[in-house]
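>>> predicted model and sequence follow; I will ask about them next.
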Amino acid sequence: MKQYDVIVVGVGSMGSATLYDLAKNGLKVLGLEQFELANDLSSHTGQSRLIRLAYFEHPNYVPLLKNAYTGWRQIEEDADVNLFYQTGIAYYGKPEGPLISGIQSSVSKYDLSIASIPSDHYSPLQIPTDYQGLYEEVAGLVTPEKAIRTYAQQAIMRGAVLRQNEKVISWKQETDHIILKTDQGSYYTEKLILTAGPHIQSLLPTFIPQLTVTRQLIGWLNPSRWQDFSMNEFPCWVIEEEGVPGIYYGFPILPIEQFSGPIGLKIAYHAPGVVIDPQSVKEYDSAQEAQRLLSMSRRYFRDQKMKILNISSCMYTYSSDDDFIIDYLPQRDEKIIIATGFSGHGFKFVPAMGEILSKMARGLSTGVDLTFLSMGRFRDQK
Ligand SMILES: Cc1cc2nc3c(=O)[nH]c(=O)nc-3n(C[C@H](O)[C@H](O)[C@H](O)COP(=O)(O)OP(=O)(O)OC[C@H]3O[C@@H](n4cnc5c(N)ncnc54)[C@H](O)[C@@H]3O)c2cc1C
């Protein structure tokens, strides 16, 4: 049986960056991925993810985000690729609503830069007149599939072993090592990192905090005037939904030479979708879902003739409080680390998470306060 310093289970968003950081630091590492890299049966497909610093969810995330911004630039430099596009984000919501007031909390606590914009600043959008508009220049989008492939390739170039299409079935901790069984063999490791996204529950039968997996739909629209939505003309945008929880958001039309996947104006809704078993992520009524996305777009875009060109699904893994869960598994001598519960807002943190999980495996201080993401918070709630 092969022996490793660390095995990373799940080479998706968090796992690929973790594998890279461990290899960069000279550890003997193995990454096991049940599917191919950047697969559409997990949480990371769909071409683009928002990245923003003025975090409406909670100011606690801002120090992590500052590290993530540095990390995105670092991996771009290491691999000589573009992964982060600073398009800016326009935000719209009621002044007292969770979006605008949440942004203002992070801005005032960390002295971040944000500008006010009138509701008609971007002419393709029709924004309710009682909404406030804000614009964050340092925000934009990152490219998930390309980032995962980049991290994996850079990890391999630094000595990591990656095995794709190999599923971890079980693991067992012995006195001085951990044994992993996959559908193709067995491996020994000193430390284990579980970054299995929506599939993690099957590897943690006695895991206490509740996780909920939901199906999330993304659509690509066909506007009448594509030129109004190019990356030079139009930013990423986020609009609070009136009267219901959740935000409606989207991206400019991306240049095809730099992005794979569907073409068009990508839109999505950030709020819990239908609770599912991860195996059934592709089982939905696409006509019905297209209609739902289209009716939202009719509320916020002036162009009423848009049609849905393409639709795709992905999964969120919610924790019970929507905050991530980053910790050692209790009573395991700090040998097993979990990173889960990214609750639909984790991708922008990928470089920071890779560094944190790698440091945890190496027994180093992470240098950031992770108390609000620890398992202890669930025990404290009891
Ligand atoms: C539609 C949608 C839009 C989103 N928008 C944003 C956004 O704008 N900004 C943002 O920051 N975040 C966004 N997110 C959230 C973000 O994409 C996720 O938080 C992030 O991808 C979660 O990463 P992960 O590493 O936990 O899971 P994943 O990236 O899914 O990786 C888990 C990997 O583990 C593998 N695996 C699982 N079990 C096993 C096993 N037993 N053996 C081997 N391999 C295994 C899986 O195949 C998978 O590749 C969005 C998510 C979705 C679905």
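Perfect, thanks for sending it.
>>> what's near enough to touch L125?
Residues near L125 by Cβ atoms under 8 Å, 6 or more residues apart in numbering: A90, Y92, W237, I239, Y300, F301, R302. For the C-beta atoms, the positions are set from N, CA and C on the backbone; glycine is no exception.
>>> repeat that for 10 Å
If you count contacts by Cβ atoms under 10 Å, 6 or more residues apart in numbering, L125 has them with A90, Y92, S119, G133, F234, W237, I239, G250, Y300, F301, R302, D303.
>>> and the lengthiest helix in the chain, average pLDDT?
Ranked by residue count under DSSP state H, the longest helix found in the chain is helix 62-79. Helix 62-79 comes out with an average pLDDT of 98.
>>> other SSEs contacting that helix?
helix 13-24, strand 49-51, strand 84-85, helix 98-110, strand 140-142, helix 144-157, helix 350-361 (3 or more Cβ pairs under 10 Å, 6 or more residues apart in numbering; DSSP states H and E).
>>> thinking again about what came up before, point out the ones among the contacts of L125 that are inside helices.
Those of the contacts of L125 lying in helices (DSSP H): Y300.
>>> can you report how many residues lie near the residue nearest to D183 when sequence neighbours are not counted?
Closest residue to D183 apart from its sequence neighbours, by Cβ to Cβ, 6 or more residues apart in numbering: K167 at 4.8 Å. By the measure other Cβ atoms under 10 Å, the count of residues near K167 is 16.
>>> now K167: how far from A196?
Distance, K167 to A196, using Cβ to Cβ, to the nearest Å: 10 Å.
>>> identify the contacts common to those two.
V9, L32, E33, Q34, S202.
>>> got a list of what whichever residue of the chain sits closest to the ligand touches?
The ligand sits closest to G12 of the chain, with a gap of 2.0 Å, by Cβ to the nearest ligand atom. Neighbouring residues of G12 by Cβ under 10 Å, 6+ apart: 33-35, 37-39, 42-45, 144, 148, 152, 195-199, 347, 350.
>>> for the ligand, what are the nearby residues on the stretch 101-250 of the chain?
Within the stretch 101-250 of the chain, the positions adjacent to the ligand are K167, V168, T195, A196, G197, P198, H199, L203, Q216, I218 by Cβ under 6 Å from any ligand atom.
>>> in the stretch 251-382 of the chain, mark out all the helices, start to finish.
Using DSSP state H, counting those that start in this stretch, the helices of the stretch 251-382 of the chain run over residues 286-300, 350-361, 376-381.
>>> which strands and helices sit next to the first one?
Secondary structure elements in contact with helix 286-300, counted by 3+ Cβ pairs under 10 Å, 6+ apart, are strand 212-222, strand 236-240, strand 247-250, strand 265-270, strand 307-318.
>>> quick one: distance of the shortest one to the chain centre.
Mean C-alpha position of strand 247-250 versus that of the full chain (Cα atoms, centre = their mean, to the nearest Å) differs by 15 Å.
>>> can you check the second one too?
Averaging C-alpha coordinates over strand 236-240 and over its chain gives two centres that are 17 Å apart (Cα atoms, centre = their mean).
>>> over to the longest one?
In terms of Cα atoms, centre = their mean, the gap separating the centre of strand 307-318 from the centre of its chain is 14 Å.
>>> let me see the contact set for I247.
Applying Cβ under 10 Å, 6+ apart to I247 gives the contacts 50, 56, 91-93, 97-99, 237-241, 268-271.
>>> quick one: buried ones out of those residues?
Buried by 16 or more other Cβ atoms under 10 Å: 50, 56, 91-93, 97, 99, 237-241, 268-270, out of the contacts of I247.
>>> hmm, which of those is lowest in pLDDT?
Within the buried ones among the contacts of I247, pLDDT is lowest for E241, at 89.
>>> and that one, backbone torsions?
According to degrees, to the nearest 10, the main-chain angles of E241 amount to phi -80, psi 130.
>>> that one is in contact with A271, isn't it?
Yes - here E241 reaches A271: they are 7.4 Å apart, a contact under Cβ atoms under 10 Å.
>>> shared neighbours of those two, anything?
With Cβ under 10 Å, 6+ apart, E241 and A271 have common neighbours I247, Y248.
>>> number of residues surrounding Q201?
Residues near Q201, counting by other Cβ under 10 Å: 17.
>>> so who does it touch?
F207, Q210, L211, T212, V213, D277, P278, T317, T340.
>>> which of those residues are buried, as a PyMOL select command?
A single PyMOL command selects the buried members of the contacts of Q201 (16+ other Cβ under 10 Å):
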select buried, resi 207+211+212+213+278+317+340
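>>> residue farthest from the centroid of this structure?
Distance from the C-alpha centroid of the chain peaks at T175, with 34.9 Å (Cα atoms, centre = their mean).
>>> OK, contacts around the residue nearest to I325 when sequence neighbours are not counted?
With Cβ to Cβ, 6+ apart as the criterion, I325 has its nearest non-adjacent residue at 4.0 Å, and that residue is G341. Residues near G341 by Cβ under 10 Å, 6+ apart: 200, 209-212, 316-326, 373.
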